[in-house]
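Colleague: A structural model of the following input is requested.
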Amino acid sequence: MSRPRIHILALGGTIATKPDPSGVMQMGAGADDLVKAVPLLATLADIEAETVSRVGSHSLSFDQIHALAAKIAASTAEGVIVTQGTDTLEETAFLLDLLVERDVPVIVTAAMRNPSLTSADGPGNLLAAVRVACDPWVRAHAQSLGVISVMLDEVYAAADVLKVHPTRLNAFASPQSGPLAALVEDRVVPLGLPVRDAMEATRRKLGRAGGTAQPVALLWMGLDEPGHLIDAMLNASDHLGYRGAVVGAMGGGHIPERLADVAARLAAAMPTVVSPRAGGGPMLRQTYGGPTSEIGLRKAGLIWGGRLHPLKARVLLETCLRAGLQRTAIADLFGAWG
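Modeller: Numbering: from 1, shown residues only. The predicted model follows:
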């Protein structure tokens, strides 16, 4: 029985670091190095290893992920694995899911602990990702799964996966849906398929999201927020270069009442999406009154982000703007997310 061909694309991150003479970890390892560290991979698949960059994920750009998506789309392999840093994995995985539609597994993995540590998780995560890419259930449901992330023997949907701790080994989770599958011994145990209606509707409306980068501000709401940053954006002749904004709102979709006017002006100046600061889950639409509760904000023209985490809402809004969608189309698209 022939082994599947798996294409590993390495971007950098903790999984690809090496100690410098002082013992500090620096970027340096490439895709071949990652593969050599896991000899068992050769028994599972025919591996093609390609180093795309040696950049920490905190320094990746939207343009780089668009280029990576094109590379994934052009790959003739029977599965594609992206290795990168954990800092922005939840964002890059979601963007790849928006851009890539393949009938083979596309997996993003990383490491929380660097290779100098005795408990380094990079080799195990890469091995688990290859096992998942080769698994018959995953391969049969590749389109239904979309882009997935494999971390610490669990499989997560790109739309739901979040980094929920800065340093812990089990730093990743999907609070809304839980894992899609788990690895036990050498088996992939399915736990469920993601709800893909919103993603499929989004892809249809986005089409091929070309165009140039469109900066989107991320505005996190907190206790007694005065709104000075929003004022600065609105008072600048070019809005400080921003073309859209995402507001990480409190509770079910609320901001301080003192910001009612400035929020309405921001929504009039650029597409402005409200997303739950709590980290995901559908927001309210028609429960609370007042100018900066959900009813008032929606009447003021702010776009409701549904269940998307603010980080993912920012990714989607940038993609919409890059694709040239107008405000009404953007609102309709976000409406699919609850």
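Colleague: make it CA atoms for all contacts and neighbour counts henceforth
Modeller: Will do.
Colleague: state the three-state secondary structure for the spatially closest residue to residue 44 that is not a sequence neighbour.
Modeller: Using C-alpha to C-alpha, 6 or more residues apart in numbering and skipping residues adjacent in sequence, the residue nearest residue 44 is residue 3, 6.6 Å away. Following DSSP: H, G, I helix; E, B strand; the rest coil, residue 3 is assigned to coil.
Colleague: residue contacts, residue 3?
Modeller: 44-46 (C-alpha atoms under 8 Å, 6 or more residues apart in numbering).
Colleague: by neighbours, which of those wins?
Modeller: Neighbour counts for the contacts of residue 3, by other C-alpha atoms under 10 Å, peak at residue 45, which reaches 20 neighbours.
Colleague: next up, the contacts around that residue.
Modeller: 3-6, 130, 134.
Colleague: and those residues, which is closest to residue 109?
Modeller: Residue 109 lies nearest to residue 130 out of the contacts of residue 45, by C-alpha to C-alpha, at 10.0 Å.
Colleague: give me the number of residues near the closest one?
Modeller: Residue 130: 25 neighbours (other C-alpha under 10 Å).
Colleague: please report how far it lies from residue 104.
Modeller: The gap separating residue 130 from residue 104 is 12 Å, by C-alpha to C-alpha, to the nearest Å.
Colleague: cool, and residue 239?
Modeller: 42 Å.
Colleague: compare neighbour counts for the two and give me the winner.
Modeller: residue 104 (23 against 17).
Colleague: checking the more buried one next. Helix, strand or coil?
Modeller: coil.
Colleague: and it, how far from residue 254?
Modeller: To residue 254, residue 104 is 41 Å away according to C-alpha to C-alpha.
Colleague: try residue 120
Modeller: Taking C-alpha to C-alpha, one finds residue 120 at 41 Å from residue 254.
Colleague: these two: which has the busier surroundings?
Modeller: It is residue 254, of residue 120 and residue 254, that has more neighbours when counted by other C-alpha under 10 Å, with 26 against 17.
Colleague: what's across from the more buried one in the sheet?
Modeller: residue 250 (DSSP bridges).
Colleague: what residues are up against it?
Modeller: 292-294.
Colleague: now, which of those lie within helices?
Modeller: residue 294 (DSSP state H).
Colleague: out of the contacts of residue 254, which is most surrounded?
Modeller: Neighbour counts for these peak at residue 294, which has 26 neighbours (criterion: other C-alpha under 10 Å).
Colleague: got a pLDDT number for that residue?
Modeller: On the pLDDT scale, residue 294 is placed at 96.
Colleague: and if you look at residue 281?
Modeller: Reported pLDDT for residue 281: 84.
Colleague: not counting its neighbours along the chain, what's nearest the most centrally placed residue in the chain?
Modeller: Residue closest to the average C-alpha location in the chain (C-alpha atoms, centre = their mean): residue 91, at 2.3 Å. The spatially closest residue to residue 91, leaving aside those adjacent along the chain, is residue 312, at 5.9 Å (C-alpha to C-alpha, 6+ apart).
Colleague: touching whichever strand or helix holds the one you found from outside, list them.
Modeller: Assigning secondary structure by DSSP states H and E places residue 312 in helix 310-322. Helix 310-322 is touched from outside by 90-91, 94-95, 98, 159, 206, 209-218, 243-248, 273-277, 279-280, 305, 330, with contacts defined as C-alpha under 8 Å, 6+ apart.
Colleague: let's see it at 7 Å
Modeller: 91, 94-95, 206, 209-216, 246, 248, 275-277, 305, 330 (C-alpha atoms under 7 Å, 6 or more residues apart in numbering).
Colleague: likewise for stretch 268-284?
Modeller: Contacts of stretch 268-284 (C-alpha under 7 Å, 6+ apart): 176, 243-253, 266, 294, 302-310, 313, 327, 338.
Colleague: selecting buried members of the contacts of helix 310-322 in PyMOL, what would you type?
Modeller: Filtering the contacts of helix 310-322 down to the buried ones (16 or more other C-alpha atoms under 10 Å) takes a single PyMOL command:
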select buried, resi 91+94+95+206+209+210+214+215+216+246+248+275+276+277+305+330
